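S.K.: Below: sequence and its predicted model.
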Amino acid sequence: MRLTRFTDLALRVLMRLAVEEADLPTTREVAGAMEVPYTHTAKVVAKLQHLGLVEARRGRGGGLALTAAGRRASVGGLVRELEGAGDVVDCDGTTPCPLRSACILRGALRGAQEAFFAALDPLTVESLVAAPTGPLLLGIGTTRTS
């Protein structure tokens, strides 16, 4: 299974915020540190705010902060939420598969997808930033813009 860029970026944003200690980075600073377009990062941050994982503070001294729920969030749950409930393959697409009514593969792929999510369930955002990842994240994109 391959994660969408949106989910990949969301996980990286959460990890980056999990290691912030004092300064609250802005969405623009996070985008710069992750070397991704600001507009993509802004959409991800909006979704993470909607899910209650990130808090955005406006004004002087504002920025992005990971909430307690964001810190404890299960990676498997996050990936399920961000990727949606779609199947690995689109058997009912514009050209429906003629085997879809009696296909064993579709069920096996659905089971493999759930096993993928289940393998991520025990991981939390906080556990993703344990050494050596956390210290590395702290060094990425540390220059603040005015």
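M.R.: Happy to help now that I have it.

S.K.: Tell me, how many residues neighbour residue 89?
M.R.: Residue 89: 15 surrounding residues under other Cβ atoms under 10 Å. Heads up, the C-betas are built off the backbone N, CA and C, glycines and all.

S.K.: measure it to residue 75 for me?
M.R.: Between residue 89 and residue 75 the computed distance is 24 Å (Cβ to Cβ, to the nearest Å).

S.K.: what's the answer for residue 48, then?
M.R.: Where residue 75 is concerned, residue 48 sits at a distance of 13 Å (Cβ to Cβ).

S.K.: Please say which of these two ends up with more neighbours.
M.R.: Neighbours per residue (other Cβ under 10 Å) separate residue 48 from residue 75, with residue 48 holding more: 24 against 20.

S.K.: so that one sits in a strand?
M.R.: No. Counting by DSSP: H, G, I helix; E, B strand; the rest coil, residue 48 is not found in a strand; it is helix.

S.K.: Could you shift the numbering so residue one becomes 36, and keep it that way?
M.R.: Fine by me, first position is 36 from now on; the one you just mentioned is residue 83.

S.K.: Which stretches in this protein count as helices?
M.R.: 40-53, 62-69, 73-85, 103-107, 110-118, 139-155, 160-163, 168-174 (DSSP state H).

S.K.: Of all these, which one is nearest residue 94?
M.R.: Closest to residue 94 of those, according to Cβ to Cβ: helix 62-69, at 14.1 Å.

S.K.: mind listing what's buried in that closest one?
M.R.: Residues 62, 64-69 are the ones in helix 62-69 that count as buried (16 or more other Cβ atoms under 10 Å).
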